[in-house]
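Engineer: Give me the fold of what follows.
(2 chains)
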There are 2 protein chains.
Amino acid sequence: MPPQTTAIRGTFFDLLDDPWKYVGHEPDAARFIQDGLLVLEGGIIKAFGPFAELSPRFQNVPATHIPNRIIVPGFIDGHIHFPQTRVLGAYGLQLLDWLQTWIFPEELKYADPTYAREAAGRFFDAMLAGGTTTCQAFTTSSPVSTEEFFAEAERRGMRTIAGLTGIDRFAPPEFLNTPEQFYRESKRLIEKYHRKGRHLYAITPRFAVGCTEEMMDMCSRLKREFPDCWVNTHISENPTEVRQAKQYYPQCKDYTEVHEKHGLLGPRFTAGHGVWLSNDEFKRFAKAGASVCFCPLSNLFLGSGLFRIGRATDPEHRVRLSVGSDMGGGNAFSIVRVLEEAYKVGLCNNTMLDGSVNPREMDYPESERNKLNPYRAYYLATLGGANALYLDDVLGNFNVGKEADFVALDWNAGQHAMAWHQSLIAPATGPETMDQAAMLLFGVMACGDDRNVDETWVAGKRVYKKTT
Amino acid sequence: MPPQTTAIRGTFFDLLDDPWKYVGHEPDAARFIQDGLLVLEGGIIKAFGPFAELSPRFQNVPATHIPNRIIVPGFIDGHIHFPQTRVLGAYGLQLLDWLQTWIFPEELKYADPTYAREAAGRFFDAMLAGGTTTCQAFTTSSPVSTEEFFAEAERRGMRTIAGLTGIDRFAPPEFLNTPEQFYRESKRLIEKYHRKGRHLYAITPRFAVGCTEEMMDMCSRLKREFPDCWVNTHISENPTEVRQAKQYYPQCKDYTEVHEKHGLLGPRFTAGHGVWLSNDEFKRFAKAGASVCFCPLSNLFLGSGLFRIGRATDPEHRVRLSVGSDMGGGNAFSIVRVLEEAYKVGLCNNTMLDGSVNPREMDYPESERNKLNPYRAYYLATLGGANALYLDDVLGNFNVGKEADFVALDWNAGQHAMAWHQSLIAPATGPETMDQAAMLLFGVMACGDDRNVDETWVAGKRVYKKTT
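Structural biologist: Reported below is the predicted structural model:
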């Protein structure tokens, strides 16, 4: 039986290119269709355009109308920790102590398949409620958690990237895996999951502080044997961690060189955070085609620092950039909340860059790039994230041939003041122009949260509908 | 007819003293009653204690049972802008440009009583939905907005502080008032509202950048003639503003001296923000009994900077401190969200204070004081705010004789992951110890929002119940 053709009618907004290339004319990077039709077949976008143009061709296709919403591509979370679901927002500590006190004891529970399975259900529920349809996730050092993660992703039909986490120091002994165990189990899991259905596998050294030279060598070996795999890790999150990494890798001139030396820095490599990366490191990331995942909820919650958005997006050495919740270091699953905090980080950077505190720090072009207007913000959450994760051939916007993951946003939902706020921007019936749509979406990221996600669709099927 | 006596039965948590005085044993500053009874008469607390002790004395009093909630004193918002309700979370600019582009044009509408009345309804609805029962508010330069503000506060029965805002430069001409108009209208409004019902009046120079010497002189005169009035203004929010204030007041050695010189710095004086106050200015605030309102949502949203909590709470010169949403510079009405961002500001400060970036900035005691544990956080939102605003004789905790404003918090509400997160802390039936209660409350501030406010009570009456 051939796959059924279906369609969605509604108001659509997506990005076609990187808005940082269009300073002052960002709408040229976007697409807005006030009354559009998205035609789907087997979870793939078969046609997309104005309803008036497409509807004659698809008269017999059953169409679901989603009125009073802005439909955007599904959000992509570039960095999230599946086994931290229950300890998100844990109290009182900065990165290294926070790991020891709260995180490792909880992650240890995920060696139990029953616990991991229950957690996976909750994790995917929470992500879909936040509009996230694809994530790149850390699991634990036990293969059980990776297997339960992929099993649940498959039940939801979601495209995800994950892998066994390697850590052979800086954790309680019962939490560590040896480089040999890591190699053997990673190989088994790659063969079982990579490119099966929508699964993609990431070789996952947790971070240089937690990985010996031998562990990093095993990652190199896996990447050589399975060059098509992704690589996912952390880098330069917190100054104390940076100093500790330097102590562990004294022969490397900086944190990035740890990954260069092991042949990992390149396409499909993502390092979370990068708050303290030097200008030179950003350049080497850009040149290698490696990506950074900016995690502002977490960077503020753990007090790690202010990521230099305007530096990473310098056209001289534009780094591939996704955004991530980094839940549990991040205190919410909601990508809308991630964009809120990302905006704040950009503005906080700019107070330094206008030179009023220190004239030597004045840099207006960098300051301009720090500003997360809605085009830039939603780019990071969709097409930009897909580009950073080398998924833009299949995800990120409504181009024909891509996978049909999307979110219907209710711009009026959320805190009490929201609807009146949004009424300043556009008529109650919805946006009539690209600019109105973009400003409503800014209202969502500035004042909203997961309540603004009304429906989430994965591979052409509705998998979440807000009930309250 | 004598006022009716009623009672509330439930689980209560409040503060009795400043937890910064109890480093390492903060619970000594708090009170937890797992099964308590709060007896009310005419909006005033008549008795409070364990249900088992009090119930024999009040057998005939009808009691409302509020199960599965933690009841805390009503939140106090020390700094909020009534006429910015519709433009909260406006895009793209730092303080001075943001005022000119978004704020002044919107505030101008509040000279129209119909618009101001509708706005007042929405404003108080949104505050109560966030659990705020008392605020100190800015209005506009038109007396209409002050009158509509107090009229609506009276309909809600709320204790509020507000006053006509003086601004005679740095705004479009139609928005300014003259010092003479300001004096005349302020005097009229003080006589009409101050200490009538629950209203309190604040002489309100907007900020030194917007107030000439003549305007400040009128504030001095009003304060001399009505010494019982409050004074409410802004200070040292943003580096460019600080520099501009210095240009306008070249004879003053710093921003604080502008207020000292005009006889305003003292009890019942509040300045919002104070992000860039020097150590010396903090000392002079402390000595004068003047207070600062910390507005982290706004300080991050406008990129103003990181308030030095640990410096303001130095026992050598402890500054009276409230928290404020500063809505619309702050992007939410919710005090729970304010506490979340306050926590983040403290942690971000600490990344500098641990000396890893610059050993000269290492300061462990200050770093310790930056940490907003739940005792400190809920103190700032309740008794601490009352203390800062010189309202602790009537508000801030459940002591007998105080006004009965309180909030019932549902610690499991909010984002999908919340209930499972909280299940790590306490049994589903609720907290059994002070520590459990405090950690559930931390969960609320770390991962929650206005959804955690289930009911809000003002003067012994329920004025808000969450519906969704």
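Engineer: Kindly format the C-alpha coordinates of the helix or strand of chain A with the lowest mean pLDDT as PDB.
Structural biologist: Ranked by mean pLDDT, DSSP states H and E, the weakest helix or strand in chain A is helix A:95-98, scoring a mean of 82. Extracted in PDB, the C-alpha atoms of helix A:95-98 (Å, rounded to 0.1, in the frame of the first residue of the first chain):
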ATOM      1  CA  LEU A  95      29.700  22.700  37.200                       C
ATOM      2  CA  LEU A  96      32.200  20.300  38.800                       C
ATOM      3  CA  ASP A  97      30.700  20.100  42.200                       C
ATOM      4  CA  TRP A  98      27.200  20.000  40.800                       C
END
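Engineer: Could you list every helix and strand in contact with that helix?
Structural biologist: helix A:239-248 (3 or more C-beta pairs under 8 Å, 6 or more residues apart in numbering or on different chains; DSSP states H and E). Heads up, the C-betas are built off the backbone N, CA and C, glycines and all.
Engineer: after the helix it packs on, next one along is what?
Structural biologist: Next in sequence after helix A:239-248, counting helices and strands by DSSP states H and E, comes helix A:255-261.
Engineer: List the buried residues in that next one.
Structural biologist: Using 16 or more other C-beta atoms under 10 Å in any protein chain shown as the test for burial, helix A:255-261 gives A:Y255, A:T256, A:V258, A:H259, A:E260.
Engineer: Now flag whichever of the residues you listed is closest to chain B.
Structural biologist: Proximity of the buried residues of helix A:255-261 to chain B was ranked by C-beta to the nearest C-beta; the top entry is A:Y255 with 13.9 Å.
Engineer: Tell me which residues touch the closest one, please.
Structural biologist: A:A208, A:I235, A:S236, A:V242, A:A245, A:K246, A:Y249, A:L277, A:E281 (C-beta atoms under 8 Å, 6 or more residues apart in numbering or on different chains).
Engineer: wait, A:S141 sits on A:L176?
Structural biologist: Yes - contact criterion C-beta atoms under 8 Å: A:S141 and A:L176 qualify, at 6.5 Å.
Engineer: ok, back up a step: could you identify the helix or strand that succeeds the least confident helix or strand of chain A?
Structural biologist: Following helix A:95-98 in sequence, per DSSP H and E, is helix A:104-108.
Engineer: average model confidence for that next one?
Structural biologist: In this model, helix A:104-108 has an average pLDDT of 92.
Engineer: packing partners for that helix?
Structural biologist: Partner elements for helix A:104-108 (3+ C-beta pairs under 8 Å, 6+ apart): none found.
Engineer: and the helix or strand following it, how far out from the chain's middle?
Structural biologist: The element immediately downstream of helix A:104-108 (helix or strand, assigned by DSSP H and E) is helix A:113-129. Here the centre of helix A:113-129 is set off from its chain's centre by 18 Å, with C-alpha atoms, centre = their mean, to the nearest Å.
Engineer: Can you name the residue of the stretch 51-200 of chain A nearest to chain B?
Structural biologist: At 3.4 Å from chain B, A:G89 is the closest residue in the stretch 51-200 of chain A, using C-beta to the nearest C-beta.
Engineer: got a pLDDT number for that residue?
Structural biologist: 87.
Engineer: what's the neighbour count on the closest residue to it other than its chain neighbours?
Structural biologist: Closest residue to A:G89 apart from its sequence neighbours, by C-beta to C-beta, 6 or more residues apart in numbering or on different chains: B:A446 at 3.4 Å. Residues near B:A446, counting by other C-beta atoms under 10 Å in any protein chain shown, number 25.
Engineer: Show me which residues of the host helix or strand of B:A446 are buried.
Structural biologist: Here B:A446, judged by DSSP H and E, is contained in helix B:434-447. In terms of neighbour count (16+ other C-beta under 10 Å), helix B:434-447 has its buried residues at B:434, B:436-447.
Engineer: Likewise for stretch A:165-172?
Structural biologist: Here stretch A:165-172 shows A:T165, A:G166, A:I167, A:D168, A:F170, A:A171 as buried, counting by 16+ other C-beta under 10 Å.
Engineer: okay, it in PDB with CA atoms only?
Structural biologist: These are the backbone C-alpha positions of stretch A:165-172, laid out as PDB (Å, rounded to 0.1, in the frame of the first residue of the first chain):
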ATOM      1  CA  THR A 165      28.800   8.200  27.200                       C
ATOM      2  CA  GLY A 166      32.500   7.500  27.900                       C
ATOM      3  CA  ILE A 167      33.900   8.600  31.200                       C
ATOM      4  CA  ASP A 168      36.900   6.900  32.900                       C
ATOM      5  CA  ARG A 169      37.800   9.500  35.600                       C
ATOM      6  CA  PHE A 170      36.300  12.300  37.600                       C
ATOM      7  CA  ALA A 171      33.200  10.200  38.800                       C
ATOM      8  CA  PRO A 172      32.600   7.600  41.400                       C
END
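Engineer: what residue lies at the spatial centre of chain A?
Structural biologist: Most central in chain A under C-alpha atoms, centre = their mean is A:D77, positioned 2.1 Å from the mean C-alpha point.
Engineer: which residues does it form a beta bridge with?
Structural biologist: With DSSP bridges as the criterion, A:D77 is bridged to A:C135.
Engineer: what's it in contact with, if anything?
Structural biologist: A:D77 makes contacts with A:M127, A:T132, A:T134, A:C135, A:Q136, A:V323, A:G324, A:S325, A:I335, A:V338, A:G385, as judged by C-beta under 8 Å, 6+ apart.
Engineer: Now do it against A:T134, distance only.
Structural biologist: Separation of A:D77 from A:T134 (C-beta to C-beta, to the nearest Å) stands at 7 Å.
Engineer: Overlap in contacts, those two.
Structural biologist: Common neighbours of A:D77 and A:T134, using C-beta under 8 Å, 6+ apart, are A:G385.
Engineer: re earlier: with neighbour count and pLDDT as new columns, can the contacts of A:D77 be given to me in CSV?
Structural biologist: Listed next are the contacts of A:D77 as CSV, based on neighbours: other C-beta atoms under 10 Å in any protein chain shown; pLDDT from 0 to 100:
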residue, neighbour count, pLDDT
A:M127, 32, 98
A:T132, 30, 98
A:T134, 29, 98
A:C135, 30, 98
A:Q136, 28, 98
A:V323, 30, 98
A:G324, 31, 98
A:S325, 32, 98
A:I335, 33, 98
A:V338, 31, 98
A:G385, 31, 98
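Engineer: which bits of the stretch 51-200 of chain A sit near chain B?
Structural biologist: A:85-92, A:94, A:122, A:125-126, A:129-130 (C-beta under 8 Å from any C-beta of the partner chain).
Engineer: cutoff 6 Å now
Structural biologist: When proximity is defined as C-beta under 6 Å from any C-beta of the partner chain, the stretch 51-200 of chain A approaches chain B at A:T85, A:R86, A:L88, A:G89, A:Y91, A:R122, A:D125, A:A126, A:A129.
Engineer: okay, now the second one: neighbour count?
Structural biologist: One way to gauge burial is a neighbour count; for A:R86, by other C-beta under 10 Å, it gives 21.
Engineer: Over to it. Which of the three states is it?
Structural biologist: Following DSSP: H, G, I helix; E, B strand; the rest coil, the label given to A:R86 is helix.
Engineer: and it, what does it touch?
Structural biologist: For A:R86, the contact set (C-beta atoms under 6 Å, 6 or more residues apart in numbering or on different chains) comprises B:W420, B:H421, B:L424.
Engineer: could the residues you listed be laid out in CSV, adding neighbour count?
Structural biologist: Shown next, in CSV, are these (neighbours: other C-beta atoms under 10 Å in any protein chain shown):
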residue, neighbour count
B:W420, 19
B:H421, 27
B:L424, 13
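Engineer: what's the closest of those to A:E361?
Structural biologist: A:E361 has its nearest neighbour among the contacts of A:R86 in B:H421, at 38.9 Å by C-beta to C-beta.
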